[in-house]
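Participant: have a look at this prediction, sequence included:
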Amino acid sequence: MYRKDYLEREFEKLGLIIAYILNLKKENKAFSEIELAAKTGLRNLFGEDFDLETVEHDTDVNEFTPQKQQALADILFELGITAHQQNKPKAAKRFLSQYLHMLTLIEKNSTTFSFQNLSNKAIADEIMLSA
């Protein structure tokens, strides 16, 4: 029961980070502010060693549950899309590349199929080709 409660709290925290990012986007905040909020929230959740810049090289990410990997992928996708919308091509490419890496892990570790991931992957691929 303790493990289940812990996992539920972790998912709630990830959901709050995503909600906060989406709220900042809605308020038309600068990308740098949105990126800082995501980095701070993820470090608070995963520890000070967590580096949003190098998710694809972080071996701890491989140990996350598929649900946690999905939540992190959603955050990376939102950051990539926001960077693209705010004309920050390097940041968009960096975050969408990490998003695509996370999708590879999710597809390997998860037993469910997500149409949203399929749609988001097509969007990310298109942006990556144009960047």
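Facilitator: Done, it's in.
Participant: could you point out the helix or strand that follows the helix or strand where Glu10 lies?
Facilitator: Following DSSP states H and E, one finds Glu10 within helix 2-26. Sequence-wise, the next helix or strand downstream of helix 2-26 (DSSP H and E) is helix 31-46.
Participant: which is the next helix or strand following that next one?
Facilitator: Next element after helix 31-46 (DSSP H and E): helix 66-85.
Participant: now that next one and helix 31-46, what's the angle there?
Facilitator: Inter-element angle recorded for helix 66-85 and helix 31-46: 170 degrees (by axes from the mean of the first three to the mean of the last three CA atoms, to 10 degrees).
Participant: the spatially closest residue to Leu22 that is not a sequence neighbour: how many residues sit nearby?
Facilitator: Distance criterion CB to CB, 6 or more residues apart in numbering; nearest residue to Leu22, sequence neighbours excluded, is Glu78 at 6.8 Å. In short, each C-beta sits where N, CA and C put it, glycine included. By other CB atoms under 10 Å, 21 other residues sit near Glu78.
Participant: try Asn117
Facilitator: Using other CB under 10 Å, the number of residues around Asn117 comes to 21.
Participant: how about it, nearest residue that isn't a chain neighbour?
Facilitator: Leaving aside its chain neighbours, Asn117 sits nearest to Leu103 (5.9 Å; criterion: CB to CB, 6+ apart).
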